[in-house]
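*Asks:* Generate coordinates for the sequence data below:
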Amino acid sequence: MIDIRLIRKDRAAIEEKLKRKDPSIDLTAVCQLDHQIREIKTRVEQLKAHRNEISQKIGELKRAGKQKEAAAITEEISKSANTIHESDAEVRALEEQFINELAKLPNIPFDTVKVSQDKNENVVIKEYSRRRTFDFPFKNHLELSERCRLFDFKRGAKIAGGGWPVYCGMGARLEWALINYMISIHIKNGFEQWIPPLLVRRETMFNSGQLPKFENQQFKIQDEDFHLYLIPTAEIPLNSLHAEETIAESQLPLKYVAYTPCFRREAGAAGANERGLIRTHQFNKVEMFCFTTPEDSTPMFEKMMASAEEVLQGLGLHYRNMLLVTGDMSFAAANTVDIEVWLPGQNRYYEVSSISNCTDYQARRSNIRYKTKDGKTEFLHTLNGSGLATSRLMVALLENNQNADGSIDIPPVLQAALGGISKIIPEA
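*Replies:* You can find the predicted model right below:
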């Protein structure tokens, strides 16, 4: 959530920066509610001060034996108390509206981020290796799966409907090897592994910035016993691990990594080129999440990028890093770089990782602070990054490592986890 003091200080400047992300943003409602609340609170404080004066005067009159005079002004105390009670109730209602309005505002993008609503204007800041060229008619991952029996999309649809893949045989084994390989890289780089719940409370979704804006994109259970959401990413539970806590600066940074399945409703809009694993309702992802001081958040961003890139470099895949424009960044992010791999079967790049610096935006929503060495309490910074999402990464591995005979080479870094298997051979 944005610090309201920034808006109070210079509404025009903050509104202009927020419009870089979403041109429809208007701070009128937030500012009006803020003004109303502050005005009523000032009036209530004046009433309370006046009530205290009267109470003190009543006490003095009673001690002086002037009971009639004391009784005469007691009614004034009663009226004042009623007014204060009503005003307090009005403030609570207005504050709820105010928080809802403030929560609809995205994070403020860094000034260094290119201003555009067109994702085609994202900036390439790095490329690693080169696209593979083929001297034979290559196959997409669906065709490779049919020959090597890696996934069963028909049975997945029978079980749960479209967009719910089933991994089988070497597809399942390769996926598991990939997940373990990625976690091992991040642990080596100083991240601590966690296994969070896959279902979370509404407050947990709010804390990360998923609610209220993205309510309709979530899977959830709501009955007489439970009101929970399936996580769209491990970022959501990891962010709330320290909600309502104050962490000593000496403990920072906290670097966490978690593997979870992820659930998203938005997959239903897939086109003809986004079949199979390209866009699904459920996919696997290894997530990095960090809590840092504001001074360390930019260096930490670079470390998270390096850890994600190390995974791809170890797998021998060509990729590029894209600095996202303001309109393509996530709601909670102030700065984001996507890592994209080339998928020959789709003839385009697809994101497999997104690294974001969320500054103090999520920390304010979650009330996570840190105590500085000189005893001050401040909001810390949070960062998140895919390390990586496996579904499209799996597609990249299969399509870029295929051979003319339909076999698929397995990268050396995964072979030990597969019992030394170096190649997936098509079934007869």
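*Asks:* For residue 283, give the beta-bridge partners.
*Replies:* Note on residue 283: beta-bridge partners by DSSP bridges are residue 262.
*Asks:* likewise the one 4 residues further on?
*Replies:* Residue 287 has the following beta-bridge partners by DSSP bridges: residue 258, residue 386.
*Asks:* and the closest residue to residue 1 other than its chain neighbours, what element?
*Replies:* Nearest non-adjacent residue to residue 1, counting by C-beta to C-beta, 6 or more residues apart in numbering: residue 364, 4.3 Å away. (C-beta placed from N, C-alpha, C; glycine too.) Applying DSSP states H and E as the criterion places residue 364 in helix 361-366.
*Asks:* just checking, what packs against that helix?
*Replies:* helix 202-208, strand 381-389 (3 or more C-beta pairs under 8 Å, 6 or more residues apart in numbering; DSSP states H and E).
*Asks:* can you rerun that using 10 Å?
*Replies:* helix 67-103, helix 202-208, helix 235-239, strand 282-292, strand 377-379, strand 381-389 (3 or more C-beta pairs under 10 Å, 6 or more residues apart in numbering; DSSP states H and E).
*Asks:* okay if I get these as CSV plus mean neighbour count?
*Replies:* Shown next, in CSV, are those (neighbours: other C-beta atoms under 10 Å):
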stretch, mean neighbour count
helix 67-103, 13
helix 202-208, 21
helix 235-239, 28
strand 282-292, 25
strand 377-379, 14
strand 381-389, 28
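*Asks:* Make a markdown table from these and add mean pLDDT and distance to residue 27 to it.
*Replies:* Supplementary listing: the helices and strands packed on helix 361-366 in a markdown table, determined by pLDDT from 0 to 100; distance: least, C-beta to C-beta, whole Å:
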| stretch | mean pLDDT | distance to residue 27 |
| --- | --- | --- |
| helix 67-103 | 84 | 9 |
| helix 202-208 | 97 | 20 |
| helix 235-239 | 98 | 25 |
| strand 282-292 | 98 | 29 |
| strand 377-379 | 98 | 21 |
| strand 381-389 | 98 | 24 |
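*Asks:* Kindly reformat these as JSON lines containing distance to residue 180.
*Replies:* Below are those laid out as JSON lines (distance: least, C-beta to C-beta, whole Å):
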{"stretch": "helix 67-103", "distance to residue 180": "38"}
{"stretch": "helix 202-208", "distance to residue 180": "26"}
{"stretch": "helix 235-239", "distance to residue 180": "19"}
{"stretch": "strand 282-292", "distance to residue 180": "9"}
{"stretch": "strand 377-379", "distance to residue 180": "35"}
{"stretch": "strand 381-389", "distance to residue 180": "13"}
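*Asks:* Identify the bridge partners of residue 382.
*Replies:* residue 291.
*Asks:* Do I have it right that it meets residue 362?
*Replies:* Yes. Between residue 382 and residue 362 there is a contact at 4.6 Å, judged by C-beta atoms under 10 Å.
*Asks:* who touches both of these two?
*Replies:* By the contact definition C-beta atoms under 10 Å, 6 or more residues apart in numbering, residue 382 and residue 362 are jointly contacted by 207-208, 235, 239, 289, 291, 332, 368.
*Asks:* quick one: which of those is nearest to residue 55?
*Replies:* Of all those, residue 55 sits closest to residue 368, with 40.1 Å by C-beta to C-beta.
*Asks:* Check the gap between the spatially closest residue to the closest one that is not a sequence neighbour and residue 256 for me.
*Replies:* Spatial nearest neighbour of residue 368, excluding adjacent residues (C-beta to C-beta, 6+ apart): residue 242 at 4.9 Å. When distance is defined by C-beta to C-beta, to the nearest Å, residue 242 is 10 Å away from residue 256.
*Asks:* Residue 286 is in contact with residue 186, correct?
*Replies:* Yes. Counting by C-beta under 10 Å, residue 186 does reach residue 286; the two are 7.0 Å apart.
*Asks:* Need the residues touching each of the two.
*Replies:* By C-beta under 10 Å, 6+ apart, the residues touching both residue 186 and residue 286 are 193, 257-259, 308, 311, 385, 387.
*Asks:* got the residues you listed as JSON lines, with distance to residue 60 columns?
*Replies:* Below are those laid out as JSON lines (distance: C-beta to C-beta, whole Å):
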{"residue": "193", "distance to residue 60": "67"}
{"residue": "257", "distance to residue 60": "66"}
{"residue": "258", "distance to residue 60": "64"}
{"residue": "259", "distance to residue 60": "70"}
{"residue": "308", "distance to residue 60": "71"}
{"residue": "311", "distance to residue 60": "76"}
{"residue": "385", "distance to residue 60": "66"}
{"residue": "387", "distance to residue 60": "70"}
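*Asks:* Buried among the residues you listed? Make that a PyMOL selection.
*Replies:* Command for PyMOL that selects the buried part of the shared contacts of residue 186 and residue 286, burial taken from 16 or more other C-beta atoms under 10 Å:
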select buried, resi 257+258+259+308+311+385+387
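*Asks:* For residue 165, state which of the shared contacts of residue 186 and residue 286 is nearest.
*Replies:* Distances from residue 165 to these, taken by C-beta to C-beta, are shortest for residue 259, at 16.8 Å.
*Asks:* Contacts only, for that closest one.
*Replies:* By C-beta under 10 Å, 6+ apart, the neighbours of residue 259 are 179-180, 182-183, 186, 193-196, 234, 284-287, 387, 390.
*Asks:* before we move on, the earlier item: check the gap between the residue nearest to residue 368 and residue 18 for me.
*Replies:* As judged by C-beta to C-beta, residue 242 and residue 18 stand 27 Å apart.
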